[in-house]
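K.L.:
Predicted model and sequence follow; I will ask about them next.
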Amino acid sequence: MILAGDIGATKTHLGLYRAAGGGLTRMHDHIYPTQDFPSLEAVLSDFIKDHEQIAAACLGVPGPVIGHFAHPTNIGWEIHEKSLSTVLHGATTRLVNDLAATAYGMLHLEPSQIVELHKGEELHQAANIAVIAAGTGLGEAGVIAAPSGWIAVASEGGHCDFAPRGAEQVALLQFLEREFGHASYERTVSGPGLHNLYRFLLEYLPQPEPEWLKQRMAAGDASAIISEVALSGQDPRCVHALELFTDIYGAEAANLALKFLAFGGLYIGGGIAPKILPFLQRDSFMRSFLNKGRLSAVLERMPVRISLNEEAALLGAAHLAASMTAS
C-alpha cells in the first residue's frame, strides 16, 4: 500500500493506493482541515490508524523542499521526512513541492480531464512539459523527459518580477509597487491577484463602482465575486479585470514554456482555470501566449492544455510514491 498527500494551508488531502499492473487503485482517502492539527505527523497518525502497513509515501507541500525538510507557506508546520517516516513505521517517505507533484500528475490525466486551447505540434517522443497553476498563489513547475524517466522540477517562479506590457500594465506595476514594494506575477495571477487588478482599475478607470457590487464584495470573497460578475457580464470593470488577468496569465505561461522548452505541452492547473474557462478560451490568453517576438514560432509548436482535474497534485504524489517502490 502506498500513501499520497496534497498538503495545503486550508486542507490536507491524503489517499491510500494499491499499485498493480502498472496502474493505481485508490482504496481510501480523507480530507482534513489543516489548521485543526498541530503537525503533519498528527494528521498521518489519524489517517493510518485503521490501515495496513505503508510501503512508501509521497507528500506534496506548498513551498520549497530543501534537504528533506519543508516549512510550508501559510501553515506553520516544520516537516521532516525522517519524522514522517517514523510515524509511518519506517516507510520510505519523500517530500516534494506541491506544484512538482501537480506537474507529475499531468502525465497521468485522462483525456476527459483536459481542455485543449492550442493543439501545437504532435511529437513522437517524450518531451518536457511545464505547469502553471493559479489559485491562492501562483505555482510553476515542470517535468523533464530524461533518458532515465520523468523528473519533476519545482520552482518558485510565481514570485519573479512582474514584467508589464503596454501603458496600462506599466500603471499596474506602479500600483503594485506602491501597495507591496515588490511586484511579482503572483500579485496579479492568483485569487488575491484578481482582486488587486480590480482595485487597480478602480483608480485607473474613471467610472464609479456600483453600490450593489461594493456591498457584495464587502460581504464575501471579493475575487470569486469579481469572476462571477465578469462571467455574467454584469459589470465592465470586472470584465476588464478578468481580461487583464488572462492576458497576464498567458504572458507568464509563455515565459515558463520557453524556460522549460515545453514541447510536451504547457498545462494550466489550479482551481481558478476551470472556473474561468470561457475567458481562457477567448483570444486574449493565446494571443498573449504567442506574443513573444522572435520566439513566437517556437511557442506555436507547443500544445496548451487546461487540466480539469483538481486532484492532480494527489495523483502525481501517488504515482511518485509508486515509482519509489519500483526503484
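P.N.:
That came through fine. Numbering: from 1, shown residues only.

K.L.:
Give me the longest helix you can find in the protein.
P.N.:
The helix spanning the most residues in the chain, taking DSSP state H as the definition, is helix 236-260.

K.L.:
Quick one: name whatever helix or strand follows that one.
P.N.:
Elements were assigned by DSSP states H and E; along the chain past helix 236-260, the next helix or strand is strand 265-269.

K.L.:
So which residues of the stretch 101-250 of the chain form strands?
P.N.:
Taking DSSP state E, counting those that start in this stretch as the test, the strands found in the stretch 101-250 of the chain are 114-118, 129-134, 138-146, 149-154.

K.L.:
can you tell me which residue is nearest the centre of this structure?
P.N.:
The central residue of the chain, meaning the one whose C-alpha is nearest the mean C-alpha position (Cα atoms, centre = their mean), is residue 133 at 2.8 Å.

K.L.:
is it true that that residue touches residue 105?
P.N.:
No. Judged on Cβ atoms under 8 Å, residue 133 makes no contact with residue 105 at a distance of 10.7 Å. No exception for glycine: its C-beta is placed from N, CA and C like everyone else's.

K.L.:
Neighbours of residue 218, how many?
P.N.:
By the measure other Cβ atoms under 10 Å, the count of residues near residue 218 is 9.

K.L.:
which residues of the stretch 1-150 of the chain fall in helices?
P.N.:
Secondary structure of the stretch 1-150 of the chain, counting by DSSP state H, counting those that start in this stretch: helices at 40-48, 81-87, 98-106.

K.L.:
Next, format those as a markdown table and append mean neighbour count and mean pLDDT.
P.N.:
Conversion of these to a markdown table gives the following (neighbours: other Cβ atoms under 10 Å; pLDDT from 0 to 100):
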| stretch | mean neighbour count | mean pLDDT |
| --- | --- | --- |
| helix 40-48 | 19 | 96 |
| helix 81-87 | 17 | 96 |
| helix 98-106 | 30 | 94 |
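
K.L.:
any chance of these in a markdown table, with distance to residue 61 too?
P.N.:
Converted to a markdown table, those look like this (distance: least, Cβ to Cβ, whole Å):
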| stretch | distance to residue 61 |
| --- | --- |
| helix 40-48 | 8 |
| helix 81-87 | 11 |
| helix 98-106 | 6 |
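
K.L.:
out of those helices, which comes closest to residue 299?
P.N.:
Smallest distance to residue 299 across these (Cβ to Cβ): 18.3 Å, for helix 98-106.

K.L.:
Mind listing residues that contact the closest one?
P.N.:
6-8, 58, 60-62, 129-131, 133, 139-143, 150, 152-155, 265, 267, 269, 307, 309, 311-317, 319-320 (Cβ atoms under 8 Å, 6 or more residues apart in numbering).

K.L.:
what's the spacing between that helix and its chain's center?
P.N.:
If you compare the mean C-alpha spot of helix 98-106 with that of the full chain, they lie 8 Å apart, counting by Cα atoms, centre = their mean, to the nearest Å.

K.L.:
swap in stretch 194-208?
P.N.:
The chain centroid and the centroid of stretch 194-208 are separated by 26 Å, computed with Cα atoms, centre = their mean.

K.L.:
same question, stretch 281-297
P.N.:
When C-alpha coordinates are averaged (Cα atoms, centre = their mean), stretch 281-297 and its chain have centres 21 Å apart.

K.L.:
Could you tell me the end-to-end distance of that stretch?
P.N.:
The separation between the terminal residues of stretch 281-297, taken as Cα to Cα, to the nearest Å, is 20 Å.

K.L.:
Switch the strands of the stretch 101-250 of the chain over to JSON lines; also include distance to residue 251 and mean pLDDT.
P.N.:
Rendered in JSON lines, the data for those read as follows (distance: least, Cβ to Cβ, whole Å; pLDDT from 0 to 100):
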{"stretch": "strand 114-118", "distance to residue 251": "14", "mean pLDDT": "97"}
{"stretch": "strand 129-134", "distance to residue 251": "11", "mean pLDDT": "97"}
{"stretch": "strand 138-146", "distance to residue 251": "12", "mean pLDDT": "94"}
{"stretch": "strand 149-154", "distance to residue 251": "21", "mean pLDDT": "91"}
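
K.L.:
out of the ones you listed, deepest packed?
P.N.:
Per-stretch averages of neighbours, counted by mean count of other Cβ atoms under 10 Å, single out strand 129-134 among those, with a mean of 29.

K.L.:
In terms of secondary structure, what does that one contact?
P.N.:
helix 98-106, strand 138-146, helix 236-260, strand 265-269, helix 272-275 (3 or more Cβ pairs under 8 Å, 6 or more residues apart in numbering; DSSP states H and E).

K.L.:
show me where pLDDT drops low in the chain?
P.N.:
Per-residue confidence of the chain (counting by pLDDT under 70) places the weak regions at 327.

K.L.:
Where does the record place the domain boundaries for it?
P.N.:
The chain breaks down into these structural domains: 2-105+311-326, 117-308 (assignment by automatic domain parsing).
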